[in-house]
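In: need coordinates for the below:
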Amino acid sequence: MNVNEQIREYLRNRKLKATPIRIELLHLLKEKAAALPYSEIQESLKAFDRVTLYRTINVLIDNGIVHKASTSGDETYYALCSQECSKHCHKHEHIHFKCTKCNEVSCINIRKSIQMDIPGYCIDEISVEVSGICKKCLE
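Out: Coordinates of the predicted model:
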């Protein structure tokens with residue numbers, strides 16, 4: 001089964017239509033090991049207008065397939081969710097590492113989950129973004 005067939009199957013299992021833009025977007029995100037900035041996604045998917053792309057990203061976020069990996073600066077980065085994420089719950093136990101040299105944003109799994117308790121508040125999500133120099137740039 002090729003990548004596009006796998007994506008079609010995955011979307012069907014999530015009860016979503018396998019539209020051309022969804023397939024191409026997921027293929028693009030799967031192809032890259034790091035999160036992609038919206039501008040790069042838009043450039044890669046020129047055949048689709050920006051409104052359709054924006055709506056598609058939001059549908060995939062709402063269905064636990066894609067997540068915002070970073071919103072630092074003027075750019076928003078997107079990455080694939082893990083298989084554990086669902087329409088009802090994004091389960092991310094990783095940090096987002098942004099390289100200050102190459103600007104790549106990576107989702108990095110951590111050994112211990114980050115837990116926080118703030119008296120009188122209900123925490124839905126904790127987002128951690130770390131910046132520094134990535135392995136590739138250090139070499």
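In: drop to CA atoms for contacts and neighbour counts, all remaining ones
Out: Noted.
In: strands of this protein, residue ranges please.
Out: 36-37, 66-70, 77-80, 94-99, 105-109, 129-132 (DSSP state E).
In: residue 59: which of those is closest?
Out: Closest to residue 59 of these is strand 66-70 (Cα to Cα; 8.8 Å).
In: can you tell me which helix or strand of this protein has the lowest average pLDDT?
Out: Counting by mean pLDDT, DSSP states H and E, the chain has its least confident helix or strand at strand 105-109, which shows a mean of 76.
In: tell me where the model's unsure across this structure.
Out: 71-72, 84-86, 88-94, 124-125 (pLDDT under 70).
In: quick one: the helices in it?
Out: All helices of the chain, identified by DSSP state H, fall at 3-13, 20-31, 38-44, 50-62, 135-138.
In: possible to save these as TSV with distance to residue 109?
Out: As requested, these are arranged in TSV below (distance: least, Cα to Cα, whole Å):
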stretch	distance to residue 109
helix 3-13	23
helix 20-31	17
helix 38-44	23
helix 50-62	19
helix 135-138	15
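In: for residue 78, which of those is the nearest?
Out: Closest approach to residue 78 among the helices of the chain is made by helix 38-44 (7.1 Å; Cα to Cα).
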